[in-house]
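In: give me a model of this one.
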Amino acid sequence: MSLLPDVSYANETVAALLAREPRAARVLLDHGMHCVGCAIAPFETMAEICVVYGVSLEQLIVELRDDRASEERETT
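Out: Below you'll find the predicted structure:
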């Protein structure tokens, strides 16, 4: 799996990600990113919050993908 930033995640707003993938909230919270329910979430992209919180965008994307794959395995 490539660690290059996935534009679909990087340019997506936090609110859009959480609406599409509610389980992503746990991944964000595990990194101390308190974006869940934040008034700024509809306006900030994932790339922007990674800069704000000092989190690697590439690593966060890997974790989000892993979480999605885990969810898919649980439902099959």
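In: next, the distance between the ends of stretch 19-36.
Out: 10 Å (CA to CA, to the nearest Å).
In: what do you get for stretch 29-37?
Out: By CA to CA, the extent of stretch 29-37 from end to end equals 11 Å.
In: give me the contacts around it.
Out: 14, 18, 25, 28, 41, 44, 49, 53, 55, 60, 63 (CB atoms under 8 Å, 6 or more residues apart in numbering). All C-beta atoms are positioned from the backbone trio N, CA, C, and that covers glycine.
In: JSON lines please, covering these and showing secondary structure.
Out: Written out in JSON lines, the entries for the contacts of stretch 29-37 read as follows (DSSP: H, G, I helix; E, B strand; the rest coil):
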{"residue": "V14", "secondary structure": "helix"}
{"residue": "L18", "secondary structure": "helix"}
{"residue": "A25", "secondary structure": "helix"}
{"residue": "L28", "secondary structure": "helix"}
{"residue": "A41", "secondary structure": "coil"}
{"residue": "E44", "secondary structure": "coil"}
{"residue": "I49", "secondary structure": "helix"}
{"residue": "Y53", "secondary structure": "helix"}
{"residue": "V55", "secondary structure": "coil"}
{"residue": "L60", "secondary structure": "helix"}
{"residue": "E63", "secondary structure": "helix"}
